[in-house]
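K.L.:
3D model of this:
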Amino acid sequence: MDTVTAVRNRILELCGQREISINKLATLSALPPSSIKNILYGKSQNPKIVTIKMICDGLEITLAEFFSTPEFDALEQEIK
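P.N.:
The predicted structure follows:
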């Protein structure tokens, strides 16, 4: 699994846990819905850390909480 897929899966997981839509997440995060949708639908292959931080702020979690999952721990090296 690559990092972008892991980020996408984590956003979907967190929305599912909180029972919120992508549009609601965008509102909570002060981001345009297109920014989040671009990550989720693969248009953004390198989401900025600031965007992820804003998502975390909207969900009231830290970056450490966002990235602290077995999925991120098991990521393969991006440089090959």
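
K.L.:
Low-confidence stretches in this structure?
P.N.:
Applying pLDDT under 70 to the chain flags no residue at all.

K.L.:
counting contacts, what elements does the longest helix along it pack onto?
P.N.:
Scanning the chain for the longest helix, with DSSP state H as the assignment, gives helix 3-18. In this structure, helix 3-18 makes packing contacts with helix 22-29, helix 33-40, helix 49-59, helix 63-67, helix 70-73, judged by 3 or more C-beta pairs under 8 Å, 6 or more residues apart in numbering; DSSP states H and E. Every C-beta, even on glycine, is put in place using the N, C-alpha and C of the backbone.

K.L.:
for it, which positions count as buried?
P.N.:
Buried residues in helix 3-18, defined by neighbour count with 16 or more other C-beta atoms under 10 Å: 6-8, 10-11, 14-15.

K.L.:
Out of these, the closest to Lys48 would be?
P.N.:
Lys48 lies nearest to Val7 out of the buried residues of helix 3-18, by C-beta to C-beta, at 10.9 Å.

K.L.:
and the closest one, what is it in contact with?
P.N.:
The neighbours of Val7, taking C-beta atoms under 8 Å, 6 or more residues apart in numbering as the test, are 39, 47, 52.
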